[in-house]
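just a sequence and a predicted model for now, questions to come.
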Amino acid sequence: MNAPRRSLGPTHFKRLYDANADPWQFRASAYEQAKYRRTIEALENRSFISAFEAGCSIGVMTRMLAPRCAALLAVDIVEQPLTPARAVCVDLPWVRFKRMQVPGEWPDETFDLIVLSEVLYFLSPTDIAAVADRVAGSLMPNGVVLLVNWRGRSEDPCTGDEAARAFMRRTARWLAPRTHLHGDALDSGCQGGYRLDLLVRR
């Protein structure tokens, strides 16, 4: 019998950031920069009242999301990346950062944009379901959810495709897919590319 898959916890990510302040090369990777541009493009020209970004890391995506949002809360599971994230957004007073481990911790607010970019596959299937339920309780009636998941193979609890499908199954009664696209890998360090799913209230 296979052991139950467990979410990766703070110790795992603290170790990564202790070894490298930007472990996924968010600032320098052509793959990451292209993915960020397509992520923002998927939102079209819409602006948002209140947005929530889980797993913000060092704030590269946060900085790109900020002009679309009147308020933006960005969180990460460990404190180390939040220091450079705050620095890169220091001139954006409507952007807030908190250390928060989802789904056990979740903001007591409502949002019309929730971004789960490169987060879900670090979680167990049980925790992905819990995130979906948390989203259900905090998404405004006109809100959208943006999922981005790497499609390569690793030792993470889920693949990106498994994570996206699990979230979408859990939310199928009240969230409808509007945009689905695949991005290709641009370097050998990101084999498999990524998938992007934009979900809207039914």
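Looks like it came in fine.

isn't V135 up against T171?
Yes - judged on C-beta atoms under 8 Å, V135 makes contact with T171 at a distance of 6.9 Å. C-beta coordinates here come from the backbone N, C-alpha and C atoms, glycine included.

more neighbours, these two?
V135 (25 against 22; other C-beta atoms under 10 Å).

phi, psi of the more buried one?
Per-residue torsions, V135: phi -60, psi -40 (degrees, to the nearest 10).

how about the contacts made by it?
By C-beta atoms under 8 Å, 6 or more residues apart in numbering, V135 lies in contact with 114, 145, 171.

out of those, who's nearest H180?
H180 lies nearest to V145 out of the contacts of V135, by C-beta to C-beta, at 12.8 Å.

what comes up buried for the host helix or strand of that closest one?
Per DSSP states H and E, V145 falls inside strand 139-150. The neighbour-count check on strand 139-150 (16 or more other C-beta atoms under 10 Å) flags 139, 143-150 as buried.

from the chain's centroid, how far away is stretch 72-86?
Mean-position distance between stretch 72-86 and its chain equals 13 Å (C-alpha atoms, centre = their mean, to the nearest Å).

need the CA coordinates for that stretch. PDB is fine.
Provided in PDB are the C-alpha atoms of stretch 72-86 (Å, rounded to 0.1, in the frame of the first residue of the first chain):
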ATOM      1  CA  LEU A  72      -3.600  42.900  -2.800                       C
ATOM      2  CA  LEU A  73      -2.700  40.400   0.000                       C
ATOM      3  CA  ALA A  74       0.200  38.200  -0.800                       C
ATOM      4  CA  VAL A  75       1.300  35.400   1.500                       C
ATOM      5  CA  ASP A  76       4.000  32.700   1.700                       C
ATOM      6  CA  ILE A  77       4.600  29.700   3.900                       C
ATOM      7  CA  VAL A  78       7.900  31.000   5.300                       C
ATOM      8  CA  GLU A  79       9.300  34.400   6.200                       C
ATOM      9  CA  GLN A  80      12.500  34.400   4.200                       C
ATOM     10  CA  PRO A  81      11.100  35.400   0.800                       C
ATOM     11  CA  LEU A  82       8.800  38.000   2.200                       C
ATOM     12  CA  THR A  83      11.700  40.400   3.000                       C
ATOM     13  CA  PRO A  84      12.700  40.800  -0.700                       C
ATOM     14  CA  ALA A  85       9.000  40.700  -1.600                       C
ATOM     15  CA  ARG A  86       8.200  43.700   0.600                       C
END
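
perfect, that will be all.
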